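Q: quick one, structure for this:
(chains A, B and C)
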Amino acid sequence: MNDNRFTTRSELIGILVLAALLVVVLPLCLDVFRLNLVAKYLTYAFVALGLVICWGYGGILSLGQGVFFGLGGYCMAMFLKLEASSVANTKIQSTPGIPDFMDWNQITSLPLFWQPFHSLTFTIAAVILVPGLFALIIGAAMFKRRVGGTYFAIITQAVAAILTILIVGQQGYTGGINGMTDLRTLKGWDIRPDHAKVVLYFFEVGLLFVCIFIAQFIRHSKLGRILVAMRDQEDRVRFSGYSVANFKIFAFCVGAVFAAIGGAMFALQVGFMSPSFVGIVPSIEMVIYTAVGGRLSILGAVYGTMLVNFAKTSLSESFPELWLFGLGGLFIAVVLAFPNGLAGIWQDHVQPRIDRLISSRKPKSESGWTDNSVADGAPAE
Amino acid sequence: MFGEYSIGDLGSIFVMQGFAGLILFSVYVLMALGLAIIFGQMGVINMAHGEFMILGAYVTWMTSNVFQSYLPGLFSGYFFLAMILAFLASGALGMLVEWVLIRHLYKRPLDTLLATWGLSLMLQQAYRSIFGAREVGVDLPQWMLGSLKVSDSIEVPINGVFVMGLTVLITMAVAYIMYKSRWGRQVRAVVQNRIMAGAVGINTAKVDRFTFALGCGIAGVAGSAFTMIGSTGPTSGQLYIVDTFLVVVFGGAASLLGTIASAFSISQTQSTLEFFMSGSMAKVLTLLAVVGILMLRPQGLFALKVRK
Amino acid sequence: MLIGHQPKPFLLAVEGLTVSFDGFKAVNDLSFYVEENEIRVIIGPNGAGKTTVLDLICGKTKATSGKIEFRGKELTKLKENQIVKAGVGRKFQTPSIYDDLTVFENLEISFPRGRTVFGALTFTRDATVRDRVHEVAEMIFLKDRLDMSAALLSHGQKQWLEIGMLLIQDPDLLMLDEPVAGMSVSERAKTAELLNRIIKDRSVLVIEHDMKFVEDIAHKVTVLHQGQILSEGTMEKVKNDPKVIEVYLGH
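A: Alright, predicted model coming up:
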């Protein structure tokens, strides 16, 4: 256990199980409509994954992850919207060639900050850099001044509120409350038909695993241990010669960039982006995905997101008035009874049973290969 | 944006908007007082505070309905009873919540934030099921309508002055309770050293419960005041929670004077800006200013340098 | 003041150091000098400002006025992590170790390499690190417990672990805040032995209440009272100083 191992064996099994589920089982078992729903859920899983690093390991609770999800999503949506607003497509507008909502708001030329979003390369860079830099600025301003904990959470929440009001208020530039709708093609490739959705799904799952591996790498590096150390004893880390603020900024930026990737995938996958994914309510909902999955568990974040969203969809379809009770109750139950979420339940109740089963079948073989740090458990699906 | 107004006009605008902002100021102060007591004294982040306020608003609405139907002769005085009932209802709910939920979480402040958020969702749904999704408005008694004419161009709404006066009274009462009464001393003792306070015979569990209930009760009174500036719906409270938290941290948590000053500056900035631009942009600018200042001065406006 | 201006450069020179909290001067115009390889013990009644002095030197608290010169560097202007880099290590009063990590990982984090964000990401646990961790673990009597979660250590072992975390930093000035508080008699003896071993090639500044322990290790003692120096010199001299007897030892 003294080695910098990238993953432990139990984690590797967990990753393989998740991969099998996402790559083989779900695509085979679900119709395109349901698979598309899973794809939508998974865009939030990026956010939840970022929160594991930022909140679970770094102890920084951000209640403004919707801001980064939204920034990533809007960057992507701006590119797609421009492509959908070609002169040919918008002949009937009084100013052809600009997005429809601009035309409705009496804007007659494309605003300057929209111009570079004609380029896909710029857009991809912006998806990462805009939220990353924004997080860097907020993080630097707050953490360098030793602001953290609940105070930081409130500030991030205020930022989410500000951005939502701004997007809704500046209709002509952002599409307002309806957001950017009617996104059609990516470099001429229609993103709307079923087969495109399936391709996008696999691309998204691929990206998700890239992010999972990055998160694993961070967690198993010394930086991951410093984050854990900081959560316990910030002063000790500081007086061991580390700049605590820089490490917090890093964790916050990782969380922001992951969320932004999720947002960009959302715009591609679902075909629109709106302020309802930016504000206070969605941001705090994203925190609950992580909490349900287990704030310390990288894979738990993915399962937690899928489970909560699945419950949300089915409950709000059949009993709309029960959903808020359910979500509220879930918050309370997780916090009170299961602070380590599904992963905690898995680790405390399921894993030991499996271990016993294995060791009873093959006595003395490899007892103790499970990591004694919090194991990433794959809850039974 | 000031270009098209003369200096005299601007003066009147500022004064009028200032008085128009009085109710908003009162709501902020009362909400923030409750939050500051709970957050500053107990370290608990109560995200359901807005829902406690809305409970007070619904109680006020119900009281006004009862008076209208059964005691129309006494309608002009219903507001006083409504406020007391609002205080009691929110306070009682607060006490229950503290007992069921909060007392298990005193050591995990970030978790109280999540748990009380869950509570706020449940309360919102409860209001929706009980009172319906539509927003309800409260009729004001005749004497509170209209305004006092101060000068040719300046008029002051009566209900604003009334609520303002009440706010001052409640604030003074809270200041007395927290800083002068025996009970307030116990609260502060528990804040500073929970174990020691317990050891000298203070019932810390009881102090916690009543502190939380007091904070929630004041939120209920804020709800009564709120009915004068907006209609009450299941999610109306949520719109205020972030603003109120900003008021508390901007003032420097645990500083009563700071809370009042910050509620005043935030509500007045917003109210004044609203005259010149859309309400949403006024809000964005106000919040941006507050967040910007907090980034430069995270300890808030009024904070002591503490030996730590 | 006992020590006037001497030609030999001091490791640490504190001059006119003052810090006030809302008007209350916790440390008031304090000056003292620590030589290379000296063990200096600071004693004084509760509230005398002992811990605050350490806080000021390591940058935890910012001075209101005064100078702290370490190896010619002015510490009052540096950030905490820069002060550590300059060669000052500090142990806190209550053992501050990382409960969620193993003893090995606790020590490894203090190893002075990869202290930037990027450095920590790319840090590898090579033979140098491993050898040094084992070496220090042996010194602090925790060789057999490297893979154990630090939360499971006893109070005394936690104190040693924190001392070990400082050792691995290899500071020129080691500051210890009550290193034997709450220790059993045998642990105390072991700690004294440990301290006597690790002071080679470095200076140590210790706050301690245990007079027996102070006599065992101190080269020189500084007595603080109400943020100011009451007396300074050898233990023998300080012990017989009537002012000291009145405010401190007499009780």
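Q: use CA for all of it now, contacts and neighbours both
A: Fine.
Q: so which residues of chain B form helices?
A: Taking DSSP state H as the criterion, chain B carries its helices at B:7-36, B:42, B:49-70, B:78-100, B:109-131, B:158-179, B:182-192, B:194-199, B:204-226, B:238-251, B:256-276, B:279-296.
Q: so which other helices or strands are in contact with the last one?
A: So that's helix B:279-296. If contacts are counted by 3 or more C-alpha pairs under 8 Å, 6 or more residues apart in numbering or on different chains; DSSP states H and E, helix B:279-296 sits against helix A:120-143, helix A:149-169, helix B:238-251, helix B:256-276.
Q: per-residue pLDDT, A:Leu80?
A: Looking at A:Leu80, its pLDDT stands at 94.
Q: quick one on the thing from earlier: to chain C, which of the helices and strands packed on helix B:279-296 lies closest?
A: Ranking the helices and strands packed on helix B:279-296 by proximity to chain C (C-alpha to the nearest C-alpha) places helix A:120-143 first, at 13.7 Å.
Q: list the buried ones in that closest one?
A: Burial within helix A:120-143, assessed by neighbour count using 16 or more other C-alpha atoms under 10 Å in any protein chain shown, is assigned to A:123-124, A:126-132, A:134-136, A:138-143.
Q: same for chain B: which of these are within range?
A: A:Ala141, A:Met142 (C-alpha under 8 Å from any C-alpha of the partner chain).
Q: near chain B, anything from stretch C:163-179?
A: No. Judged by C-alpha under 8 Å from any C-alpha, stretch C:163-179 makes no contact with chain B; its nearest approach is 15.4 Å.
Q: which elements pack onto the helix or strand encompassing A:Gly262?
A: Assigned by DSSP states H and E, A:Gly262 belongs to helix A:244-270. If you count contacts as 3+ C-alpha pairs under 8 Å, 6+ apart, helix A:244-270 packs onto helix A:32-51, helix A:65-84, helix A:120-143, helix A:194-220, helix A:222-232, helix A:234-238, helix C:117-122.
Q: pick the most buried one from the ones you listed.
A: Mean neighbour count (mean count of other C-alpha atoms under 10 Å in any protein chain shown) peaks for helix A:65-84 among those, with a mean of 29.
Q: make JSON lines out of the helices of chain B and add mean pLDDT and mean neighbour count.
A: Formatted as JSON lines, the entries for the helices of chain B read as follows, by pLDDT from 0 to 100; neighbours: other C-alpha atoms under 10 Å in any protein chain shown:
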{"stretch": "helix B:7-36", "mean pLDDT": "76", "mean neighbour count": "23"}
{"stretch": "helix B:42", "mean pLDDT": "76", "mean neighbour count": "21"}
{"stretch": "helix B:49-70", "mean pLDDT": "91", "mean neighbour count": "24"}
{"stretch": "helix B:78-100", "mean pLDDT": "92", "mean neighbour count": "20"}
{"stretch": "helix B:109-131", "mean pLDDT": "88", "mean neighbour count": "22"}
{"stretch": "helix B:158-179", "mean pLDDT": "84", "mean neighbour count": "17"}
{"stretch": "helix B:182-192", "mean pLDDT": "81", "mean neighbour count": "17"}
{"stretch": "helix B:194-199", "mean pLDDT": "81", "mean neighbour count": "14"}
{"stretch": "helix B:204-226", "mean pLDDT": "89", "mean neighbour count": "27"}
{"stretch": "helix B:238-251", "mean pLDDT": "83", "mean neighbour count": "25"}
{"stretch": "helix B:256-276", "mean pLDDT": "82", "mean neighbour count": "21"}
{"stretch": "helix B:279-296", "mean pLDDT": "84", "mean neighbour count": "18"}
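Q: just give the number of residues close to A:Gln233.
A: For A:Gln233, the tally of surrounding residues (other C-alpha atoms under 10 Å in any protein chain shown) stands at 16.
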